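Asker: Have a look; sequence and predicted model below, questions after that.
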Protein chains: 6
Amino acid sequence: MANKLRLGIPKGSLQDATIALFERAGWRIYANGRSYFPSIDDSEIECMLIRAQEMARYVNHGVLDAGLTGIDWVVESGLDVTSVASLVYAKQSRQRVRWVLAVPEDSPWQRAEDLAGQTIATELVEVTKRYFAEKNVPVKVEFSWGATEVKPPMLADAIVEVTETGSSLKANRLRIIDTVMFSETHLIANATAYANDWKKQKLDSLAMMLKGAIAAQGQVGLMLNVAKANLPTVLSVLPALNSPTISELSNPEWVAVNTILEESVVREVIPKLKAADATGIVEYPLNKVVL
Amino acid sequence: MANKLRLGIPKGSLQDATIALFERAGWRIYANGRSYFPSIDDSEIECMLIRAQEMARYVNHGVLDAGLTGIDWVVESGLDVTSVASLVYAKQSRQRVRWVLAVPEDSPWQRAEDLAGQTIATELVEVTKRYFAEKNVPVKVEFSWGATEVKPPMLADAIVEVTETGSSLKANRLRIIDTVMFSETHLIANATAYANDWKKQKLDSLAMMLKGAIAAQGQVGLMLNVAKANLPTVLSVLPALNSPTISELSNPEWVAVNTILEESVVREVIPKLKAADATGIVEYPLNKVVL
Amino acid sequence: MANKLRLGIPKGSLQDATIALFERAGWRIYANGRSYFPSIDDSEIECMLIRAQEMARYVNHGVLDAGLTGIDWVVESGLDVTSVASLVYAKQSRQRVRWVLAVPEDSPWQRAEDLAGQTIATELVEVTKRYFAEKNVPVKVEFSWGATEVKPPMLADAIVEVTETGSSLKANRLRIIDTVMFSETHLIANATAYANDWKKQKLDSLAMMLKGAIAAQGQVGLMLNVAKANLPTVLSVLPALNSPTISELSNPEWVAVNTILEESVVREVIPKLKAADATGIVEYPLNKVVL
Amino acid sequence: MANKLRLGIPKGSLQDATIALFERAGWRIYANGRSYFPSIDDSEIECMLIRAQEMARYVNHGVLDAGLTGIDWVVESGLDVTSVASLVYAKQSRQRVRWVLAVPEDSPWQRAEDLAGQTIATELVEVTKRYFAEKNVPVKVEFSWGATEVKPPMLADAIVEVTETGSSLKANRLRIIDTVMFSETHLIANATAYANDWKKQKLDSLAMMLKGAIAAQGQVGLMLNVAKANLPTVLSVLPALNSPTISELSNPEWVAVNTILEESVVREVIPKLKAADATGIVEYPLNKVVL
Amino acid sequence: MANKLRLGIPKGSLQDATIALFERAGWRIYANGRSYFPSIDDSEIECMLIRAQEMARYVNHGVLDAGLTGIDWVVESGLDVTSVASLVYAKQSRQRVRWVLAVPEDSPWQRAEDLAGQTIATELVEVTKRYFAEKNVPVKVEFSWGATEVKPPMLADAIVEVTETGSSLKANRLRIIDTVMFSETHLIANATAYANDWKKQKLDSLAMMLKGAIAAQGQVGLMLNVAKANLPTVLSVLPALNSPTISELSNPEWVAVNTILEESVVREVIPKLKAADATGIVEYPLNKVVL
Amino acid sequence: MANKLRLGIPKGSLQDATIALFERAGWRIYANGRSYFPSIDDSEIECMLIRAQEMARYVNHGVLDAGLTGIDWVVESGLDVTSVASLVYAKQSRQRVRWVLAVPEDSPWQRAEDLAGQTIATELVEVTKRYFAEKNVPVKVEFSWGATEVKPPMLADAIVEVTETGSSLKANRLRIIDTVMFSETHLIANATAYANDWKKQKLDSLAMMLKGAIAAQGQVGLMLNVAKANLPTVLSVLPALNSPTISELSNPEWVAVNTILEESVVREVIPKLKAADATGIVEYPLNKVVL
């Protein structure tokens, strides 16, 4: 099929966040409760829901041209795919996750090397085996079907588990002793598909829009008016991230400033702008930001 | 009552969408669960919930000055009312609906003319009778209380039924063989009421704001900066729909462009703008658009 | 603790509205279902959920540096605290509430003075006692644990009760005969804490952002283009509240106007702007407004 | 089809109550959200969901062998069907409903005869026309698509509407001036189908079980022990409805009594039984009662 | 009003459990969301929803004839009322609750006497004052509007709080050092009302049925057959609580045994009955038990 | 720990059904949303939530004494455990499930032997490998992380998947060509633990009660009175499953019959009993049946 992109959407915990991200980026995906072939309002794309763990397998085989999945599962699969873009978004926060090595709070173990001869439960068996092999620490790695964090000390000695904030580990009285790998979502592609001009351009546009939607998530627009005399002070208060748009007003003594800010700094910036005699300070929401 | 507009709001499937539309247009309607006289934050309007099928009757009688209802039910009623505005909005999509003549998938019938002597089930009895009468095809038209699409072949031979996408008909193994009429929501008025200056102005303002809110639904604002040298390329990429606002910046080599776009084309336009060296591309949401 | 602000968040009916207000102002509060110590994404603030009725007590004692609560409960407590800002927001509307003296619809009582010797039920016992004492009217004031408005005539003769719209009183066939006090939420502070420079600046910034978020609630941005010849008419249509930003366009005959409006007047302003030959009228939403 | 019963289940307000009744009677109906052909765990029955208003039409035509619907809609249709059983059950209560003639509370009308020349809104057009025709009262009967009780006085002068308790009419300030007809659900059958032995027996068994389940709804079982000397007093306390089962105990001085009671009288009967020296009084729930 | 009982139903946390208990006892109470005067299917009773804390006040005043409330709030009120019945039921479990004196886990305090000079937060102010006064321990008792268990150590030194299982206290790191009082729900009556013959009989019947419904909650019926030779073993296995009903069977070698058991012991009793060669062992649910 | 049974409860799709079954059997399990160690009202049992797939591993290791899981996962594990009882219950129905080999509806494959060289996706990898190995059919078995039934034909050629009714397979246009294994839930035990007297007795009692609760699910009690003359006819109508209890009545001409029936046959039996002149036929619900 010439102008058709087969795209895997991660089924499960990332599914809703992914569909919401696509909507903000400009594509509406209709995931009917039961079907694994959600429709999308772009006749050039065909979607399929695939578990994140299996995405690399089917992209590598070429059954899919591309897909979104965690880089952890790509590495776990040991298969070769092309990363088109790294996209940091998640269920709750907008941060990377990490797979950590954790042991019971009150155990004596302080380093991976202390675990020789112990049983490690994890969903990420291959990565974990490689991690210990590189350190020459002999351990028994057991596949865990879930709820890994409740297994020590009864069902396992230590675990390798994914975490965003560490709070679930702490609640289960586990202590992190090392980071095995960081991970975030990637848009991955089959190498042959990505060599095709049409597919490459389609994927690059898609990546640009997804990134634009992610960027807009934590950012807002800020408009204000300021007397030209006070402009330097106002500009010194604004983060240097990207240059604000300064436009002329009918009143030649004043200018209008329009800029993009991280939402998280607004609460500190506005009081300073007010102190610098800016007026008509207005914050407005954004849909997409492509700087 | 001199300066008071009696307005019918369609009870039932369109009710929530109508109240949401009014809110975006600037009027808040409070529909208490049980009452048929919802309050509205405009002392010049009195609302009443009326079934879409009965709206034309009561507007024609003059009990109501105006109301929102489908043009299909207006035509079905055979009564005379004035259309103030056509408003395309609906439960799900933003498209007109149509009443179609449908027969069982595996029936031999291909045209309305093939149905002579058959039984047609429909909620739109009068329109259907007229449709067949104009073609001189004698059929038996039976009023259907609902679930019309499941009636063939057991309870009826063919049906005339409303559809947005045809998917419910297909799911019931029916084949569309003709369109009987298109329909969309209209703001209709009693002719005498609309001849009153105050009521006419009130209805025209209402119509303008409702249209402005509908227009904003599928549109977004787009701002960007561009070097004057690249402005022609950027403008050639933007849809010709309405002319963008180009304003001067402090830096005389650059201009700011601010425009309104169909949300559905943004995903194609932004990559082209980026390719044309536009910078600081920002998409923001809109509440109303009156061009 | 030097740079740490202990802040009381009102537990109960105002809790969700308060957390939503903080989010719009730039602070995210995570109220875990059970904990009374919600986390906040600002390492300089420590939150605690406290009943509005007890807030003044703990701010006065200095256990909390500051808190949000109704001025009614502050007055009821009889304790001394500093008001940093008055913030009018509430569960439903954006209006002040009032405590009223109400009697059965068909009772003979017309003024407070008529109630001598009667029993008054209220949650605001001290304020009510002072109110009657100032009028030299001897009554029996009984503390009511809630549902005060259903008590007359069986369980009390009259009540002093809080109301936004009076509809609950009317539904219980009560008649308002006086207003005992008006109330709205305040950000209050311990006097000693507010004398500390760092805490004062922190509280003032917080107040500015909370007010900016409240202001943005009922306001919207409006952009339009207009020929310079028509600018005076356009400006005469816009409310004088704050001066619009007028900027130069590439086409020197035209200007762009950008302004902030009360959302509730937009439906009247836009038809007039259109009549004044404004074009490209666009309304957009706001997050914060600090004029 | 020889041994297959085509049965119509009323779609809409009675649907859930009907399916629940069948389950208590011993048949499980699986109504998939969208399908109008619910499955049933009896290979001799085929179900179809049909609006109560259309049931008589399709049973009369013979498309269905039988169906459940209100006797009101049977009479309204004017068609001939056989009533197999009258089944009093409903959404809320276990009483018959009635169609009443109601006028505005403060209108002068006291009898049907007073309404000559007025407009009557109703969903039951034919029955209403016949009612007034029999009284020789000329009125205009208008079909109402619902919410009939809010129409007077603005949209109609009087109404004929169904009611269980009259509370909705009272809430709309209407006054009942006559009962037009009583109604309850019937199991109706096509006359030809009911003449077939197999279908008759199937329908009679079905009717017996449905009635057995309805009977059990408001009834409970009661067991107690009593000394033979006190038996006459105990028996005199029990309602005479059906004779209790009295069985011998090992202790020849005592007997056990087991009986079925209306649930609503238990609260009066038990204190009297206790006073008559009954012991071990136990009430237990029932699924079906066929006396 | 001669034959009318005015009955207070506790509003709030006990409300749903109370209405459910009345339904099992034979009275249906219809608590419309907003009204404080729920209807009941007994023309001799008038209900009113009253906060448990205020029940004793209004029963003592004679405004209500009777009401259900916790004995804790009766004692707190210091008012005189008659207890008709003690009813142990609650939101979750079927146990009495207790008010305990609790201190921070890691505080030095071990007995009430250690708390001299400290601040005690509680909703039960009068009972708490009396408790410390009897011990001659001077403390400051502060009324708490709720969430008392989170107050120590910041907002109070110790608390007197109600608990069923102690788990909420433990979760807040508090340690129980004494029990201040036990409490359970009582049906209380005004002394004068209870002296009236009709009201006394009505209240006694009500109490009997409420107790019968509570008793049935944790009990079940058990039927079995057993050869007469094995009857003594079977009887020795059954708890001695109440004597089982033994009835003759057609087969004179066997008897049927029917008895009432605590549901919680069934899992231990049935294996023993089976070992004693009982057959046809059947457990069935009960609605009411009046032994 | 001498008198303590460590019991694994299956986490996931069987969890709610298992907890409900235990409640009917007489044990209440409190599964707090997050904890994997639910409490149970039996001080001799300690519960842990474990995925069904891992249950055999931990029972075999002796970390758990016993657990409930599907026999499919026991066989898949290849580990040795003791089956105490087979318990047929499930999410929806009360039937065994089966793992089937399914291929695309329109594929040419009719038997397992036709699949040589193809890829089989399944969650039950080891059982599937053994199945094909025994038939000497070389295939590639790939582990599927879920949604196996949507994989053919794109992501796999055939699948081995679990099914209750086959409807999900049919909906995905798959055709079943063989049954690989049947499965149902078993209560399994560690062999050493089951050799311990106390644990064996505890497990046997538990198994008896679980079976008693399952048996009661689809059964009901039936009581009736009949004249001795008609008793033989009545008995001939009752299923021979277990013998009814026949007891003497005060009236020596009549007997009472009490029996247990499959709920599904009641609708056929009652009409026959009625025809045999039985009276006072009453069906009542059961909690447990141990015959």
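Answerer: Happy to help now that I have it.
Asker: Quick one: residues contacting residue A:125.
Answerer: Residue A:125 is in contact with A:76, A:141, A:143, counting by CB atoms under 8 Å, 6 or more residues apart in numbering or on different chains. Just so you know, the C-beta spots here come from the backbone N, C-alpha and C atoms, and that holds for glycine as well.
Asker: Mind checking which of the residues you listed land in helices?
Answerer: Secondary structure of the contacts of residue A:125 is defined by DSSP state H; positions in helices are residue A:76.
Asker: Please tabulate the contacts of residue A:125 in JSON lines, including the columns pLDDT.
Answerer: As requested, these are exported to JSON lines (pLDDT from 0 to 100):
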{"residue": "A:76", "pLDDT": "96"}
{"residue": "A:141", "pLDDT": "96"}
{"residue": "A:143", "pLDDT": "92"}
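Asker: which of the contacts of residue A:125 tops the neighbour count?
Answerer: Scoring the contacts of residue A:125 on neighbours with other CB atoms under 10 Å in any protein chain shown, the highest-scoring entry is residue A:76 at 21 neighbours.
Asker: returning to that earlier point: dump the contacts of residue A:125 to JSON lines, plus distance to residue B:95.
Answerer: Shown next, in JSON lines, are these (distance: CB to CB, whole Å):
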{"residue": "A:76", "distance to residue B:95": "45"}
{"residue": "A:141", "distance to residue B:95": "56"}
{"residue": "A:143", "distance to residue B:95": "50"}
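Asker: a strand runs through residue A:131, doesn't it?
Answerer: No - the assignment for residue A:131 (DSSP: H, G, I helix; E, B strand; the rest coil) gives helix, which keeps it out of a strand.
Asker: Got phi/psi on the residue in the stretch 51-200 of chain A positioned nearest to chain B?
Answerer: The stretch 51-200 of chain A approaches chain B most closely through residue A:200 (12.5 Å), counting by CB to the nearest CB. As for residue A:200, its main-chain torsions (degrees, to the nearest 10) stand at phi -60, psi -50.
Asker: Verify the contact between it and residue A:194 for me.
Answerer: Yes - Residue A:200 is in contact with residue A:194 according to CB atoms under 8 Å; the separation is 5.6 Å.
Asker: For those two, work out which one has more neighbours and name it.
Answerer: Neighbours were counted for residue A:200 and for residue A:194 using other CB under 10 Å; residue A:194 has more, 18 against 15.
Asker: From residue C:43, how far out is that one?
Answerer: Counting by CB to CB, to the nearest Å, the separation of residue A:194 from residue C:43 is 44 Å.
Asker: average pLDDT for stretch A:55-69?
Answerer: Confidence for stretch A:55-69, expressed as mean pLDDT, is 95.
Asker: So what touches it?
Answerer: The set of residues that contact stretch A:55-69 without belonging to it, under CB under 8 Å, 6+ apart, is A:5-10, A:14, A:18, A:48, A:50, A:52, A:73-74, A:77, A:79-81, A:84, A:87, A:185-190, A:192-194, A:199, A:203, F:154-155.
Asker: How about stretch A:198-215?
Answerer: Looking at stretch A:198-215 with CB under 8 Å, 6+ apart, the contacting residues turn out to be A:2-3, A:5, A:21-22, A:24-27, A:44-45, A:65-66, A:84-85, A:87-89, A:94, A:187, A:189, A:193-194, A:287-291, B:267-268, B:270-271, B:274, B:281, B:283.
Asker: what about residue A:61, distance to residue A:77?
Answerer: 11 Å.
Asker: With residue A:267 instead?
Answerer: Using CB to CB, residue A:267 is found at 43 Å from residue A:77.
Asker: what's the burial count for residue A:165?
Answerer: 11.
Asker: tell me the SS of it?
Answerer: coil.
Asker: what's the answer for residue A:85, then?
Answerer: strand.
Asker: element containing the residue nearest to it when sequence neighbours are not counted, please.
Answerer: Nearest residue to residue A:85 in three dimensions, chain neighbours excluded: residue A:207, at 3.9 Å (CB to CB, 6 or more residues apart in numbering or on different chains). Under the criterion DSSP states H and E, the helix or strand holding residue A:207 is helix A:197-217.
Asker: mean confidence score for that helix?
Answerer: Helix A:197-217 shows an average pLDDT of 94 in the prediction.
Asker: buried stuff in that helix?
Answerer: When neighbours are counted by 16 or more other CB atoms under 10 Å in any protein chain shown, the buried residues of helix A:197-217 are found to be A:199, A:202-203, A:205-216.
Asker: Pull it out as CSV, backbone CA atoms only.
Answerer: Listed in CSV are the C-alpha atoms of helix A:197-217, where the atom choice follows Å, rounded to 0.1, in the frame of the first residue of the first chain:
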residue,chain,number,x,y,z
ASP,A,197,10.0,9.2,1.2
TRP,A,198,6.3,9.5,1.7
LYS,A,199,6.3,7.6,4.9
LYS,A,200,9.3,9.5,6.2
GLN,A,201,7.6,12.8,5.6
LYS,A,202,4.3,11.6,7.1
LEU,A,203,6.2,10.4,10.2
ASP,A,204,8.2,13.6,10.5
SER,A,205,5.0,15.7,10.3
LEU,A,206,3.3,13.5,12.9
ALA,A,207,6.4,13.8,15.2
MET,A,208,6.4,17.6,14.8
MET,A,209,2.7,17.9,15.7
LEU,A,210,3.0,15.5,18.6
LYS,A,211,5.9,17.5,20.0
GLY,A,212,4.1,20.7,19.4
ALA,A,213,1.1,19.4,21.5
ILE,A,214,3.4,18.2,24.3
ALA,A,215,5.2,21.5,24.4
ALA,A,216,1.9,23.4,24.7
GLN,A,217,0.9,21.2,27.7
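Asker: Give the next helix or strand downstream of that helix.
Answerer: Heading C-terminal from helix A:197-217, the first helix or strand you meet, by DSSP H and E, is strand A:219-227.
Asker: how far off strand C:219-227 does that next one point, in degrees?
Answerer: An angle of 60 degrees separates the directions of strand A:219-227 and strand C:219-227 when computed by axes from the mean of the first three to the mean of the last three CA atoms, to 10 degrees.
Asker: list the helices and strands the following helix or strand past strand A:219-227 packs on?
Answerer: Tracing the chain past strand A:219-227, the next element assigned as helix or strand by DSSP H and E is helix A:231-237. Other helices and strands packing on helix A:231-237, by 3 or more CB pairs under 8 Å, 6 or more residues apart in numbering or on different chains; DSSP states H and E, are strand A:254-262, helix A:266-275.
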